[in-house]
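S.K.: Got a predicted structure plus its sequence, pasted below:
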Number of protein chains: 2
Amino acid sequence: MARDRAARRDRRAAAGPRQTPWRRLSNPYEPVRILSDDQVEAIHGASLRLLEEIGLDVWSARALDALARAGADVDRTERRARLDRGLIEEHVARVPPRFELRARNPERTVGFGGRELVFATVGGPAFASDLARGRRAGTFQDTCDFARLTHMLNVIHLGDTAVEPTDLAPETRYLDVYRAFFELLDRPWTTWGMGSHQVEDALAMAGIVLGANTDELARTPVVMTVINSNSPLRLDGPMGDGLVAMAEAGQPVIATPFTLAGAMSPVTLAGALAQQNAEALAMIALAQSVRPGTPMVYGGFTSNVDMRTGAPAFGTPEYVKAAFATGQLARRYRVPWRSSNVNASNVVDAQAAYESEMAVWGAIMGGVNLLYQGAGWLEGGLTASFEKLILDAEILQMMAEVLQPFAVDDQSLGVDAVAEVGPGGHFFGAAHTIERFGTAFYSPLLSDWRNFETWTEDGARNTTERAHGIWHALLEAYEPPPIDAAILAELDAFVARRKAAIAAA
Amino acid sequence: MARDRAARRDRRAAAGPRQTPWRRLSNPYEPVRILSDDQVEAIHGASLRLLEEIGLDVWSARALDALARAGADVDRTERRARLDRGLIEEHVARVPPRFELRARNPERTVGFGGRELVFATVGGPAFASDLARGRRAGTFQDTCDFARLTHMLNVIHLGDTAVEPTDLAPETRYLDVYRAFFELLDRPWTTWGMGSHQVEDALAMAGIVLGANTDELARTPVVMTVINSNSPLRLDGPMGDGLVAMAEAGQPVIATPFTLAGAMSPVTLAGALAQQNAEALAMIALAQSVRPGTPMVYGGFTSNVDMRTGAPAFGTPEYVKAAFATGQLARRYRVPWRSSNVNASNVVDAQAAYESEMAVWGAIMGGVNLLYQGAGWLEGGLTASFEKLILDAEILQMMAEVLQPFAVDDQSLGVDAVAEVGPGGHFFGAAHTIERFGTAFYSPLLSDWRNFETWTEDGARNTTERAHGIWHALLEAYEPPPIDAAILAELDAFVARRKAAIAAA
C-alpha cells in the first residue's frame, strides 16, 4: 500500500511542472555594505538612546513583569519600560547565532544563521485572488490550497498560514488552520502568535504530531512565529503575551517592527532604522530575559509611504537601502536576519515583478537568512495571490541558481571543444555539449522562451495566464504526505476540546 | 524667440511625467566576486591558449594587415590570425582605464571607467512594438520617436539607433538615422560600425555638428560603436573594417562577442567565458595595434540557450553568473565593462520585468560601467518596445536611486522626532517630517501605489497600459534641442552627396 502510494506520488510529481529539487541554500557572496562601521554604530547608539530615554509601551503584564525582573525601569501605570544599554547588550548577546527549525519530515528541517538562506511563503493577507475568481475574502479552502501548493513547490522551505480563512469563526480559526497544516505539508511552517493560547496550542499539537514533550520541543524547536511591534515603540498585549509564551517554550521568534518611514517612524531612513533597531532589540531582550538562548530572528520591515497620499510603498529604492543596512545591523548582533519579498501592485503584472525583484535582490545581496513573505504576497500584503505564488517561485528558483557555484577546470574550460568546433562552427553537436546539455542550464518553471510565432500560435498567453495553469497543475498533482491516522484523530480530538473550552470561556 | 522657446520647453517638461533629474552615476558598492583570483587566471589562461593554438578568423584585409604588423602569426589563405600571449598582454595594457564620450551638449558628456555607470537605450531590433499598433517592422518614424524619447528620459545617458528603419533603402539608411539623431537629441549616441564608411561618415557629420576636425575628435571622442565578433572566433569583414576605422580615428569601441553557451560557445559557463574573453582580447589587441590608446569597452554577452529547443534565453541565472565573472575579467585588464538589460519575453509582462531585473541587478552588483541595451529591448532583441522603454526607465531610475547614499547624523537619526511623537503616535504631522517629506523618497515614473479601490475606479490599468500613456505624454512634451539651421543644412548637403556617391558606386 505504502509502496503503491509512493509510486503514484512519484508519477504525479514527475508529470507536474518542472522544478529544481528541494535543497538547502547557502549564499556565497559577501553581503553588500551600504553603511560604514561608524554609521552602524551611530544607528546602534541612537537605538539605545530611544530605549533609555523614551522606552517602549508594553501592554502585556507578563512581558512587563519579565522586563522588570531583568532590571528595566518599569512604570506600571503608564505601562512603559525603559531599557538601559547594559540590559540590552547583556541580553542580546545571549541569542544563538544559528538554530534549526524541525520539520514533520526530518529531511525538510532547515537552519537559520551564517550564510544559510530560507525561503518562506506569504502569510497574513485577508484577501485571496486568482485570475478566474478575482479578488475576494480568503476562505479555508484557499488556506488549504496554499498549504498544498507550498508542499508541492520545492523552492519553498518554510510554509505560512497564507490567507486568513474569513469563513471560519475568528476565535478558533487558528485551530482549524493548524490542524490542516499538520496534515497537508511535511515542511516547517510558521504559526500565529496573537496571545499565548495560539502559541501553547501550536506546541501541544506539534507534540502530538512528533510524539515529543515540552522539554524535547524546547531542545529541537518546531514552532516559529512573527511578533510585530506596533510602531512606534509599542508592544501590544496579545503580541507581548505571545512573545513571552514562545520564549518560555524555547521556540524561535521573528521579532519584526513595521517601520514605514514618514508614517510610523521618522521620514529619514537613518531615523526609521534607528527606531526599527530599538524595537527589535527590545523584543530580543524581552525574549532573552524570559529564557536565555531563545532562538531569534531580527526582522527588518522598513519601507516608505507615498508622501502625497500616505499609501505604503514596497520594493522601493528606500526599501532596498534599508534592507542592506538592516543586514549590517543584524550581523553586528550576530542574530539571523529576516527580510521580505514585497510589492504594492494591485495585480500580477510587470510592477509586481519588478518591485518583488528589487526586494528579493536587496535581501539576498544584503545576506538575508530568512526571506519571509517570499511567495504570493500582492497589493502591499492585503492579498495572497495564486498566480503571484508561481511568479515568485520562479524568481526564487532563479535566485537559488545564482547562488550555485560553477566549475572552472580543464574539462569545463573546454579548450579542446573549441578546437574541435573551430572558428565559425557551432556547438550543438559537439561531444562536449552532448555529454552535458541535459543539466547544463537552469530550466524555468514559468518563463516562456519560444519564439514569437510559436508563442502566438499557442495562444499568446502572458506570464500571469501561464502561472494560472501551473498552480492548477500543481494542485492536480498534489498528494498529502503520509501521516498516521491515529495522529490525525488525536489532533481532531484536541481541536474539539479546545473549541469547546473557548466557546465556554 | 530663443527665450520664448526655452520657456515653452520648460513648461512642457514640467507638465510631462515626473522623473529624477539627469545625473552622472557612481556605484558605491564593492563588485560581487563569483570567481576566486585563481579561477580568473584559469579563464585568462584558457583564452590565451585559444588565441595561440586556434586563433581567430579575420575576414577583413585591413584588420589582418594590422595584426600581421603587430607580430601575429597570419595565414592569409585561411584568413586566420594566431596571437601569442605576449602580443595580447602588451596591447591590452595600452587601453585607457577611463575615457569620456563627448555630447553635442557638453553638459551631457559621460565617462566610462572606475565606478562610473552609464545607461544606454536599445539598439538594433528589426521590429518595433507598442500596445496600440502591435509588433511590426520598424520604420524611420519609430527610430525618430525613440530618439525623441531618449532625449526626454533623464535616466538615459547614451542613445542608440533603436529600431531598424526598414522603410528606408538598406545601403543608405544609416545616413538618414545619423542625420535625425544629430538633430533630435543632444546626448551622445552610438553609431553603426558595419564597414568603414559607416564610421567615417559618422565622424564627418560629428565634425560638422561640433565644428571640429579629425585630430580634435580623436582627442575628445564623440563617436562610439559596438563591434561584435561572429562567435566562435571569427571577425567578419564589415566588422573588422569598422573596428579598424574606429581605431584609426581614436574613437571608442565596445568589443562584444556574442557567446551563447551551447550554441556559439561551449555549453559550460567557464568555456563560454574563456571563448568570450579570447574574442574580446583579440578585438582589443587589434584596435590597440592600429592606434595605441584607443578607448575600449569590454563587452560581455554570454548567455545560454534552451537546450530542448535551441532558443536563446536571457536574464537567466547563467546570464547573471557570466556577468559577475565578466566584471572580474574586465577589471583584471583595467578595461571598462559593458553588460546589457535583456529578456526573452514576447510581450511586456511579468517575465519581461523579472528577466530584465535579473540582468540589471547582475550587471550593477557586478560593477558594470556601461549598461547597453538598457531600455526598450524585448523578445531576445528582435523587438524595440515603446512600453518596455518606459518600464526599463523606471527600473533604471530605481537602481540609480539605490546607488545614492543616505545621511546618518543627528538630524537624520531623529531621536528628538521620535521623542516628540512618542510611543503609538504617528509622524505625518511632525516637524521633522514636514521639513523633509517633499524630497524624502523616490517618486516613481510608472508604479501605481494607489489602493485597490481607487485603482479599480480609475480603470484598473496594468503597468504596461500605464507605460503606453507615459510614452505618449513624453512625445507630446518633446521639443528638439536648439541647433543652428546652418548646421542642419550642411548635414543635409553631406547626406545628399554621400547618397549620390553610394548610388553611383
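M.R.: Received the coordinates, thanks.
S.K.: can you give me the helices in the stretch 151-300 of chain A?
M.R.: All helices of the stretch 151-300 of chain A, identified by DSSP state H, counting those that start in this stretch, fall at A:173-184, A:196-210, A:214-219, A:237-248, A:269-290.
S.K.: Let me know the angle separating the fourth one from helix A:269-290.
M.R.: When you say that, I think you mean helix A:237-248. 50 degrees (axes from the mean of the first three to the mean of the last three Cα atoms, to 10 degrees).
S.K.: tally of neighbours for residue A:482?
M.R.: 11 (other Cβ atoms under 10 Å in any protein chain shown). Any C-beta I mention is one placed from the backbone N, CA and C, and that applies to glycine too.
S.K.: give me the element it is part of.
M.R.: Following DSSP states H and E, there is no helix or strand that holds residue A:482.
S.K.: Please name the nearest non-neighbouring residue to residue A:233.
M.R.: residue B:423 (3.9 Å; Cβ to Cβ, 6 or more residues apart in numbering or on different chains).
S.K.: doesn't residue A:232 make contact with the one you found?
M.R.: Yes - with contact defined as Cβ atoms under 8 Å, residue B:423 counts as touching residue A:232 (6.0 Å).
S.K.: Compare the two (neighbour count), which wins?
M.R.: residue A:232 (29 against 22).
S.K.: how far away is the more buried one from residue A:204?
M.R.: In this view, residue A:232 and residue A:204 are 35 Å apart by Cβ to Cβ, to the nearest Å.
S.K.: does stretch A:291-304 come close to chain B?
M.R.: Yes - interface with chain B: stretch A:291-304 contributes residue A:304 (Cβ under 8 Å from any Cβ of the partner chain).
S.K.: Need the distance between the two termini of that stretch.
M.R.: Distance between the two ends of stretch A:291-304: 34 Å, counting by Cα to Cα, to the nearest Å.
S.K.: and if you look at stretch A:469-484?
M.R.: End to end - Cα to Cα - stretch A:469-484 spans 32 Å.
S.K.: Stretch A:108-122 now?
M.R.: End to end - Cα to Cα - stretch A:108-122 spans 19 Å.
S.K.: and if you look at stretch A:210-218?
M.R.: End-to-end for stretch A:210-218, by Cα to Cα: 13 Å.
S.K.: What lies in contact with that stretch?
M.R.: A:102, A:104, A:203, A:206-207, A:220, A:222-223, A:249-251 (Cβ atoms under 8 Å, 6 or more residues apart in numbering or on different chains).
S.K.: and which of the residues you listed is nearest residue B:42?
M.R.: Nearest to residue B:42, judged by Cβ to Cβ, of the contacts of stretch A:210-218 is residue A:102 at 42.0 Å.
S.K.: Identify the residues contacting that closest one.
M.R.: Per Cβ under 8 Å, 6+ apart, neighbours of residue A:102: A:109, A:188, A:210, A:220-222.
S.K.: List the contacts of residue A:50.
M.R.: A:233, A:274-275, A:278, B:415, B:418.
S.K.: Can you give me the neighbour number for the residue in the stretch 151-300 of chain A positioned nearest to chain B?
M.R.: Distances between the stretch 151-300 of chain A and chain B by Cβ to the nearest Cβ are smallest at residue A:271, namely 3.2 Å. Residue A:271 has 31 neighbours, counted by other Cβ under 10 Å.
S.K.: likewise residue A:43?
M.R.: Neighbours of residue A:43 (other Cβ under 10 Å): 27.
S.K.: ok so, going back, quick one: which of the contacts of residue A:102 is most hemmed in?
M.R.: residue A:222 (26 neighbours).
S.K.: residue contacts, that one?
M.R.: With Cβ under 8 Å, 6+ apart, residue A:222 has these contacts: A:101-102, A:188, A:203, A:206, A:210, A:212, A:251.
S.K.: Swap in 10 Å and give it another go.
M.R.: A:100-104, A:109, A:188, A:191, A:202-203, A:205-207, A:209-210, A:212, A:216, A:249, A:251-252 (Cβ atoms under 10 Å, 6 or more residues apart in numbering or on different chains).
S.K.: now swap in residue A:388 and tell me
M.R.: A:122, A:129-130, A:341, A:343, A:345, A:347-348, A:352-353, A:356, A:375-379, A:395, A:464, A:467, A:471, B:350.
S.K.: Check which helix or strand it maps to.
M.R.: Assigned by DSSP H and E, residue A:388 falls in helix A:386-402.
S.K.: Packing partners of the next helix or strand after that helix?
M.R.: Following helix A:386-402 in sequence order, the next helix or strand is helix A:410-413 (DSSP H and E). The contact analysis (3 or more Cβ pairs under 10 Å, 6 or more residues apart in numbering or on different chains; DSSP states H and E) places helix A:410-413 against helix B:37-49, helix B:269-290.
S.K.: Compare these and give me the one nearest residue B:494.
M.R.: It's helix B:269-290; of those, that one is closest to residue B:494 (Cβ to Cβ) at 25.4 Å.
S.K.: so how far is that closest one from its chain's centroid?
M.R.: With Cα atoms, centre = their mean, to the nearest Å as the basis, helix B:269-290 stands 19 Å off its chain's centre.
S.K.: before we move on, what about stretch A:444-454?
M.R.: 30 Å.
S.K.: returning to that earlier point: just the buried residues from the contacts of residue A:222, in PyMOL please.
M.R.: Buried subset of the contacts of residue A:222, written as a PyMOL selection, criterion 16 or more other Cβ atoms under 10 Å in any protein chain shown:
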select buried, chain A and resi 100+101+102+103+104+109+188+191+202+203+205+206+207+209+210+212+249+251+252
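S.K.: Could I get the contacting residues of residue A:29?
M.R.: Residue A:29 touches A:115, A:364-365, A:367, A:402-403, B:32-34, B:324, B:365, counting by Cβ under 10 Å, 6+ apart.
S.K.: and it, what are its phi and psi?
M.R.: phi -90, psi 140 (degrees, to the nearest 10).
S.K.: what's near enough to touch residue A:489?
M.R.: residue A:208.
S.K.: typo on my end, it should be residue A:313
M.R.: Contacts of residue A:313 by Cβ under 10 Å, 6+ apart are A:260-262, A:303-307, A:319, A:342-344, A:355, A:380, B:441-444, B:447, B:449.
S.K.: for residue A:406, same thing?
M.R.: A:412, B:34-35, B:39, B:268-270, B:273, B:317-318, B:321-322, B:325.
S.K.: related to what we said a few turns ago, the helices and strands packed on helix A:410-413: which one's closest to chain A?
M.R.: Across those, closest to chain A is helix B:269-290 (Cβ to the nearest Cβ), at 3.2 Å.
S.K.: Which pLDDT value belongs to the residue nearest the centre of chain A?
M.R.: For chain A, residue A:372 is the residue whose C-alpha lies nearest the centre (Cα atoms, centre = their mean; 2.0 Å). If you check residue A:372, the pLDDT there is 98.
S.K.: any idea whether the closest residue in space to residue A:365 that isn't next to it in sequence is helix, strand or coil?
M.R.: Nearest in space to residue A:365, with sequence neighbours left out and distances taken as Cβ to Cβ, 6+ apart, is residue A:32 at 4.8 Å. Three-state assignment for residue A:32 (DSSP: H, G, I helix; E, B strand; the rest coil): coil.
S.K.: How about residue A:352?
M.R.: Applying three-state DSSP: residue A:352 is helix.
S.K.: Number of residues surrounding it?
M.R.: 29.
S.K.: for residue A:389, same thing?
M.R.: Residue A:389: 29 neighbours (other Cβ under 10 Å).
S.K.: Roughly how far does it sit from chain B?
M.R.: 13 Å (Cβ to the nearest Cβ, to the nearest Å).
S.K.: show me what contacts that residue?
M.R.: A:121-122, A:130, A:145-146, A:149-150, A:153, A:156, A:162, A:348, A:374-378, A:467, A:470-471, A:474.
S.K.: Could you verify my assumption that residue A:51 touches residue A:281?
M.R.: Yes - counting by Cβ atoms under 10 Å, residue A:51 does reach residue A:281; the two are 6.8 Å apart.
S.K.: Between these two, which contacts overlap?
M.R.: With Cβ under 10 Å, 6+ apart as the test, residue A:51 and residue A:281 both reach A:83, A:85, A:87-88.
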